[in-house]
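# no sequence on hand, only this structure:
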């Protein structure tokens, strides 16, 4: 059973990144990573993802090391929810390159990759992203069918924003793609700035 964000579990809800910890303690991100690897700071990590630290774990770390706790810092994160993006793309180099570009643009976002339509649908249910960037010509279950299934979903996935992408413009008419359930349609190769405009339109501006 997949837990929802509002479950009373410290791993869910607002979390801190290594950059947040480094800013608080006045050290480098490398220094924070060393604390994690040495077992001094508890964290969790999605496969292929970056470290995430619960507020409770960081508080424990501060207490154990006699570091003052600044309540205003924690209050900044009380209502903050980590945005999630799923990239459905079978071209490995493109998918990984896009994931790393988005991680640099949105260091507080959780970003995962799925390599085919079947895996996209599985991860949609498990990861429950706010935004899906989906290659329409993806294997096993094509992008149009993925869009249709998501828009018919009754568990909340129908509200997920979808940016459809393809390098085969002659095979997919814009009208058909949007009618299948996508919110926007971009043709490869596209400028990353163009994609960022739609990301910020659909799930909000960059985290500061």
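Good, I have the coordinates. What you are looking at is a predicted structure, and each value in this text was computed from that prediction instead of being measured. Residues are numbered from 1 along each chain as shown.
# how about the helices in the chain?
With helices called from DSSP state H, the chain shows them at 18-25, 29-37, 55-64, 71-75, 92-105, 117-127, 143-151, 174-180, 192-203.
# and residue 69, how close does it get to residue 177?
Distance of residue 69 to residue 177, given as CB to CB, to the nearest Å: 50 Å. Just so you know, the C-beta spots here come from the backbone N, C-alpha and C atoms, and that holds for glycine as well.
# swap in residue 113?
Residue 113 sits 21 Å away from residue 177, going by CB to CB.
# about what we covered before: make JSON lines out of the helices of the chain and add mean pLDDT and mean neighbour count.
Conversion of the helices of the chain to JSON lines gives the following (pLDDT from 0 to 100; neighbours: other CB atoms under 10 Å):
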{"stretch": "helix 18-25", "mean pLDDT": "88", "mean neighbour count": "18"}
{"stretch": "helix 29-37", "mean pLDDT": "91", "mean neighbour count": "16"}
{"stretch": "helix 55-64", "mean pLDDT": "91", "mean neighbour count": "16"}
{"stretch": "helix 71-75", "mean pLDDT": "79", "mean neighbour count": "10"}
{"stretch": "helix 92-105", "mean pLDDT": "94", "mean neighbour count": "14"}
{"stretch": "helix 117-127", "mean pLDDT": "93", "mean neighbour count": "18"}
{"stretch": "helix 143-151", "mean pLDDT": "95", "mean neighbour count": "20"}
{"stretch": "helix 174-180", "mean pLDDT": "94", "mean neighbour count": "15"}
{"stretch": "helix 192-203", "mean pLDDT": "94", "mean neighbour count": "15"}
